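Colleague: Pasting the sequence and the predicted coordinates here, then a few questions.
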Amino acid sequence: MFKMAQRVLAASFRQAGLAKRSFSSSKTTFQKAQAVASSASGSSGSDDIVYGPEHLQLKESLRKIIERDINPHVEEWEQAKNFPAHKVFKLLGDNGFLGVTKPKEYGGLDLDYSYACAVGEELGYINCGGVPMAIGVQTDMATPALAKFGSDYLKREFLAPSISGDAVACLGVSEVGSGSDVASIQTRASRKGDDLIINGGKMWTTNGTQADWMCCLAITSEGAPHRNKSLICLPMKTPGVTVAKKIQKIGMHSSDTAQIFFEDVRVPRSHIIGEEGEGFTYQMIQFQEERIFAAVGALAPIERMIEETIKYTRERKAFGQSVLDNQVVHFTLGELATELEMLRSAVYRTVALYVKGNDVTKMASMCKLKAGRLLREASDKCLQFWGGMGYTDEVLISRLYRDMRLLSIGGGADEVMLSIICKFMRTMPKPVKK
Ligand SMILES: Cc1cc2nc3c(=O)[nH]c(=O)nc-3n(C[C@H](O)[C@H](O)[C@H](O)COP(=O)(O)OP(=O)(O)OC[C@H]3O[C@@H](n4cnc5c(N)ncnc54)[C@H](O)[C@@H]3O)c2cc1C
């Protein structure tokens, strides 16, 4: 595994313009990588719970791309309320970042989830929430079920181009009338010979205006709501698919969010991922990676909120002293840094358990719950210490305050996470029989 990781990472670094750094001088490179990771995370080495030298090099390589090719354009994308998904994904795909855990036969690196964790964490250094979210949809939300359960044909058609960055994916689960209650979706794919005819619509579809294909949850048979649905690979250019609306949002401006209608959309039955009728179960499995990704993605933004606030309040003077010198300010930041380390430990532990093959539904739900809440607390408390500047569009803290509010809602609201946790704790009351 280690040698293979070296080979693929070396290829990735070459493409990222880091060819001069060789693995033979790994000690120096490792030290450099560790310095980057530890100064950035403020976690003084705690990264080694799940990260070794290759993870740190992967992070460093991605950081170069973010600083060179992504962050310089973020302001423009935020203004335009869109980012060029095909261009950005191609760049990431060429460097191996879209298929870290995906099978080699389809262009992936076949590494374990700790490497996806490293990538997900590093994406938090992009200067907005929208672009990391769009990338996460491609890597951890729309493709895990396809990679685990899809046929060879579907993987060649949809997974391979998503890994190489030639295709943009989106996930169609939520609908106008069904968000938290996934089992209640109404989109229906009726059988007609060897085809499916899809009618209905999806709501809140990230990447929806740009996507080439959708991993779409639809009802495919009668019967119990947990057994009557399938996940379907749906090419977005199929006649009958309409992007009805681009939704305007309070944050995540770089990311496009669409409402989509389906009217007599015909796809072959062979586009069903895995077993027909297992879509709900597959989606619940797929949610595990979505929720770990969401929690991992919170680490760098929280750390950046704290670090940027320390810098600003140290410089900013009021009543003859730095704002930072008020005990309420530095104590608050100390508390937040402590909470961040608690979250980091829980996230890394969850990743470690997941890598060992455990069902981490409970832990992933706890991590997502805590990450959403801490993002809200940290962004609100830090923004306060910026005074009027915090209320402008000119500073990162205000963008993170807006963008990161989504975490407690999207991918399962806080209350849905609590319901899952309580089910595992066996404290959820049973539904009353009428
Ligand atoms: C920017 C953005 C991007 C998104 N991207 C995607 C995407 O790419 N693909 C996709 O399929 N979906 C996507 N979503 C949808 C997202 O996952 C849903 O918004 C989320 O699951 C909540 O569903 P809802 O909005 O319908 O809220 P509702 O289900 O109407 O719930 C409203 C509120 O009710 C409360 N609530 C719900 N259930 C319970 C309960 N059991 N107990 C107590 N309180 C409860 C919660 O506070 C919840 O926030 C996105 C959403 C947004 C805003």
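Modeller: The structure has been received and is ready for your questions.
Colleague: Just the pLDDT at residue 432, thanks.
Modeller: Model confidence at residue 432, given as pLDDT, is 78.
Colleague: Could you do residue 134 as well?
Modeller: Confidence score, pLDDT, at residue 134: 98.
Colleague: go on, residue 1?
Modeller: For residue 1, the predicted pLDDT is 38.
Colleague: Likewise for residue 48?
Modeller: For residue 48, pLDDT reads 64.
Colleague: Spit out the contact partners of residue 72.
Modeller: By C-beta atoms under 8 Å, 6 or more residues apart in numbering, no residues touch residue 72. From N, CA and C alone the C-beta is placed, and that goes for glycine too.
Colleague: now it, what's its secondary structure?
Modeller: Following DSSP: H, G, I helix; E, B strand; the rest coil, we place residue 72 in the helix state.
Colleague: Could you tell me how far it is located from residue 127?
Modeller: Taking C-beta to C-beta, to the nearest Å as the measure, residue 72 falls 9 Å from residue 127.
Colleague: Repeat that for residue 394.
Modeller: From residue 394 over to residue 127 (counting by C-beta to C-beta), the distance is 12 Å.
Colleague: quick one: residue 228 and residue 278 touch, right?
Modeller: No: contact criterion C-beta atoms under 8 Å: residue 228 and residue 278 do not qualify, at 10.3 Å.
Colleague: Quick check on residue 394 and residue 127: which one has the bigger neighbour count.
Modeller: Taking neighbours as other C-beta atoms under 10 Å, residue 394 and residue 127 compare with residue 127 leading, 20 against 9.
Colleague: State the phi and psi torsions of that one.
Modeller: Dihedral pair for residue 127: phi -80, psi 30, per degrees, to the nearest 10.
Colleague: What pLDDT does the model give it?
Modeller: Reading off the model, residue 127 has pLDDT 98.
Colleague: again, but for residue 299
Modeller: The model's pLDDT for residue 299 equals 98.
Colleague: Would you mind listing what in the stretch 101-250 of the chain touches the ligand?
Modeller: 137, 170, 171, 172, 173, 174, 179, 180, 204, 205, 206, 249 (C-beta under 6 Å from any ligand atom).
Colleague: farthest pair in those?
Modeller: Largest separation among those by C-beta to C-beta: 170 and 180, giving 19.5 Å.
Colleague: Tell me which helix or strand residue 258 sits in.
Modeller: Using DSSP states H and E, the element containing residue 258 is strand 257-268.
Colleague: Just the C-alphas of that strand, formatted as PDB.
Modeller: Below are the C-alpha coordinates for strand 257-268, written out as PDB (Å, rounded to 0.1, in the frame of the first residue of the first chain):
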ATOM      1  CA  THR A 257     -28.100  25.200  -6.800                       C
ATOM      2  CA  ALA A 258     -30.900  24.100  -9.100                       C
ATOM      3  CA  GLN A 259     -34.500  23.000  -9.200                       C
ATOM      4  CA  ILE A 260     -34.900  20.300 -11.800                       C
ATOM      5  CA  PHE A 261     -38.000  18.900 -13.500                       C
ATOM      6  CA  PHE A 262     -38.300  15.500 -15.200                       C
ATOM      7  CA  GLU A 263     -41.000  15.000 -17.800                       C
ATOM      8  CA  ASP A 264     -41.100  11.500 -19.400                       C
ATOM      9  CA  VAL A 265     -37.400  11.100 -19.200                       C
ATOM     10  CA  ARG A 266     -36.400   7.800 -20.700                       C
ATOM     11  CA  VAL A 267     -33.300   6.000 -19.500                       C
ATOM     12  CA  PRO A 268     -32.300   2.300 -19.900                       C
END
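Colleague: Now the residue of the stretch 1-150 of the chain found nearest the ligand: closest residue in space that isn't a chain neighbour?
Modeller: Nearest to the ligand, among the residues of the stretch 1-150 of the chain, is residue 137, at 5.5 Å (C-beta to the nearest ligand atom). Excluding the flanking residues, the one nearest residue 137 by C-beta to C-beta, 6 or more residues apart in numbering is residue 206, at 4.8 Å.
Colleague: Residue 254 is in contact with the one you found, correct?
Modeller: No: in this structure, residue 206 is not within contact of residue 254 by C-beta under 8 Å, at 11.0 Å.
Colleague: more neighbours, these two?
Modeller: residue 254 (29 against 26).
Colleague: ok so the more buried one is a strand residue?
Modeller: No: per three-state DSSP, residue 254 lies outside any strand segment and is coil.
Colleague: which one is it nearest to, not counting chain neighbours?
Modeller: Nearest one to residue 254, counting by C-beta to C-beta, 6+ apart, is residue 130 at 3.4 Å.
Colleague: Tell me, how many residues neighbour the one you found?
Modeller: 26.
Colleague: So which residues of the stretch 201-350 of the chain form strands?
Modeller: 213-219, 229-235, 241-246, 257-268, 317-318, 321-322 (DSSP state E, counting those that start in this stretch).
Colleague: Give me the pLDDT value at residue 44.
Modeller: 42.
Colleague: Please shift the residue numbers so they start at 36 in all later answers.
Modeller: Got it, the first residue is 36 from now on, which makes the last one we talked about residue 79.
Colleague: low pLDDT regions in the stretch 136-285 of the chain?
Modeller: By pLDDT under 70, the stretch 136-285 of the chain contains no weakly predicted segment.
Colleague: Of all the residues in it, which one is nearest the ligand?
Modeller: residue 214 (1.8 Å).
Colleague: Looks like that residue contacts residue 239 (just checking).
Modeller: Yes: assessed by C-beta under 8 Å, residue 214 is found in contact with residue 239 at 7.3 Å.
Colleague: residues touching the residue nearest to the spatial centre of the chain, list them.
Modeller: The residue lying closest to the centre of the chain (C-alpha atoms, centre = their mean) is residue 171, at 3.2 Å. Taking C-beta under 8 Å, 6+ apart, we find residue 171 in contact with 155, 158, 325, 328, 329, 332.
Colleague: Also residue 169?
Modeller: 118, 120, 241, 242, 289, 290, 291.
Colleague: quick one, domains of the protein?
Modeller: The chain breaks down into these domains under automatic domain parsing: 37-199, 204-312, 316-459.
Colleague: okay, how far is it across the second one, tip to tip?
Modeller: Yep, that's domain 204-312 we're talking about. 22 Å (C-alpha to C-alpha, to the nearest Å).
Colleague: Isn't the residue of the stretch 36-185 of the chain closest to the ligand up against residue 207?
Modeller: No: the criterion here is C-beta under 8 Å, and residue 172 misses it with residue 207 at 10.8 Å.
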